[in-house]
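**Q** make a model of this:
(chains A, B, C and D)
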Number of protein chains: 2
Amino acid sequence: MNQFNTSIIKKVQTQSLTGVIYNQLEHMILSGTLKPGERINESRLSADLQVSRAPIREACRQLEKHGMVQIVTRRGTFVTNIEVSEVKELYDIRAALETLAAEKAAALATPGDLEELQAILIDMKNAVEADEAMDYFKANVVFHRKIVLISGNLNLESLIEGIYNKASLCRKTNLSVLDRMTISYRQHKDIYKAIRAGNQMEASTQMKHHILDARDALLSSLDSSDMGGDDQVKIDRSACG
Amino acid sequence: MNQFNTSIIKKVQTQSLTGVIYNQLEHMILSGTLKPGERINESRLSADLQVSRAPIREACRQLEKHGMVQIVTRRGTFVTNIEVSEVKELYDIRAALETLAAEKAAALATPGDLEELQAILIDMKNAVEADEAMDYFKANVVFHRKIVLISGNLNLESLIEGIYNKASLCRKTNLSVLDRMTISYRQHKDIYKAIRAGNQMEASTQMKHHILDARDALLSSLDSSDMGGDDQVKIDRSACG
DNA sequence: ACACACTAAACTGTCGACAGTTGACGGTTG
DNA sequence: CAACCGTCAACTGTCGACAGTTTAGTGTGT
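**A** Prediction:
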């Protein structure tokens, strides 16, 4: 529905003050400077940033649209606070949506698309062999996003983007899970093969399996680390696939 | 993620000026007073409604969040214009999401939930027998919404709500399709039975089948009516299931 | 007649200010 | 000592105004 709802707009927005503030706030939220549940004080922010409250309010509305804050009338805007139970919900939704994406991708992928996917797979393989969790994490995101792109469903694209945003707000997901990179990589390869073969049923099955598997790995790692320190900084090797 | 994103909030919002204007604009859009693609002029609206531009801008942001308008920087806000191809996309997404909802509902439905569903089914049956498309349409929406509610996934709820909003913007979907009420009713009954039996697999299968079936019926009715008059007012008997 | 440059009107983005509401603190009463 | 009530500060909602940008309309040149 909208060519305005994709990542492109972020760059367009940057031209306006609102966009600058949006980026700033987004960064503050994702980096943890603004903690989940914390309130964003419009007046104070406007004083700090030397701008009026208008663009700040606008930016907050954008953030809400993308799921990163919640606005309560006459109370204020609060950084979205996601519980573990909600992460599970989000993974279920993600599984449903990306399963659809994989199914469509299997029917629509061009040779060029397949080449790109393969290139990403190579990046992943390199990351696995070098045990570079961060690199793997990045390639992983690119892989999933590419499949959604191939599906050609713009609505699906922005919906999934929103899910990513919300899920990444749960800092608890940032736990490292060893040994999953290898499994994850294999699953991605299976998805790729199914898409290349044009096998819609298989592609969707593999995708669903992959995401639910990642979800379970994440949840069990959360269980076993509930009493551990809470100051995680590492990238979760299971998160997002 | 937010208990603030449901229909309840609309009543809360009504307390504020922004909420009043939101409702007004929503009504104007859904009733066709504001046509798809049309631009919403902030200054003129503020003059007409005797309020400043601030609450109007706020309302527009809300509308964008719900998918009913699109905002382009320094250009304005435009009523979302949905093409037929996009309706197909939306139905695909809806199928994926409601399939998940049905699956969860089959596992979570309480006796009370089942009673409610059954009551809705009776309403539907009555509507079918009386050939009251409007009544059927309403009961249908209630039925689907109830299943999402049972699934207990709040994120899913607001996502699906957004899909409904967008799809309903395509006025072309408001075509009457005869003979589908009976089929649709039977499908709902099947879904209900699967949920009552606690059969997750069956519930999701039935739901998927039901929605994709409705989608195809809608699309083929659009094909065959492309050259017909464009001033439809009737409720589509296939739309939304 | 058509394409292009220029001018002017209209509209959105941003600003600072005021008013109403909310939540908290402190005092009072049972 | 606990619960309730009233006062007060802080913050959001709303307002009117100004500035920069976009768009439409006019005029000119080919």
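
**Q** around residue A:48, how many other residues sit close by?
**A** Neighbourhood size, residue A:48 [other Cβ atoms under 10 Å in any protein chain shown]: 10. (C-beta placed from N, C-alpha, C; glycine too.)

**Q** what about it, helix or strand, and which?
**A** helix A:42-49 (DSSP states H and E).

**Q** does anything pack onto that helix? Which helices or strands?
**A** helix A:53-65 (3 or more Cβ pairs under 8 Å, 6 or more residues apart in numbering or on different chains; DSSP states H and E).

**Q** OK, contacts around the residue nearest to residue A:80 when sequence neighbours are not counted?
**A** Distances taken as Cβ to Cβ, 6 or more residues apart in numbering or on different chains put residue A:169 closest to residue A:80, at 5.3 Å, once the chain neighbours are dropped. Counting by Cβ atoms under 8 Å, 6 or more residues apart in numbering or on different chains, residue A:169 touches A:29, A:30, A:36, A:67, A:68, A:79, A:80, A:81, A:82.

**Q** now the strands for chain A?
**A** Ranges of strands in chain A, per DSSP state E, are A:39-40, A:69-72, A:76-79.

**Q** can the second one be found next to chain B?
**A** Which is strand A:69-72. Yes. Using Cβ under 8 Å from any Cβ of the partner chain, strand A:69-72 comes into contact with chain B via A:70, A:71, A:72.

**Q** closest one to chain B out of those residues, please.
**A** residue A:70 (5.0 Å; Cβ to the nearest Cβ).

**Q** for the closest one, name its beta-bridge partners.
**A** On the basis of DSSP bridges, residue A:70 takes part in beta bridges with residue A:78.

**Q** related to what we said a few turns ago, turn the strands of chain A into CSV, columns for mean pLDDT and distance to residue B:128.
**A** Below are the strands of chain A laid out as CSV (pLDDT from 0 to 100; distance: least, Cβ to Cβ, whole Å):
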stretch, mean pLDDT, distance to residue B:128
strand A:39-40, 96, 51
strand A:69-72, 94, 41
strand A:76-79, 95, 46
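
**Q** of those strands, which approaches residue B:188 most closely?
**A** strand A:69-72 (33.9 Å; Cβ to Cβ).

**Q** buried stuff in that closest one?
**A** By 16 or more other Cβ atoms under 10 Å in any protein chain shown, the buried positions in strand A:69-72 come out as A:69, A:70, A:71.

**Q** mind putting the residues you listed in a markdown table, distance to residue B:50 included?
**A** Listed next are the buried residues of strand A:69-72 as a markdown table, based on distance: Cβ to Cβ, whole Å:
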| residue | distance to residue B:50 |
| --- | --- |
| A:69 | 31 |
| A:70 | 31 |
| A:71 | 25 |
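
**Q** out of the strands of chain A, which gets nearest to DNA strand D?
**A** strand A:76-79 (3.6 Å; Cβ to the nearest atom of the strand).

**Q** wait, does that closest one contact DNA strand D?
**A** Yes. Strand A:76-79 reaches DNA strand D (Cβ under 7 Å from any atom of the strand) through A:76, A:77.

**Q** anything in that strand near DNA strand C?
**A** No. On the criterion Cβ under 7 Å from any atom of the strand, strand A:76-79 is out of touch with DNA strand C, staying 8.7 Å away.

**Q** number of nearby residues for residue A:198?
**A** Neighbours around residue A:198, by other Cβ under 10 Å: 13.

**Q** ok now do residue A:121, which residues does it touch?
**A** Here residue A:121 is in contact with A:143, A:185, A:188, A:189, A:192 (Cβ under 8 Å, 6+ apart).
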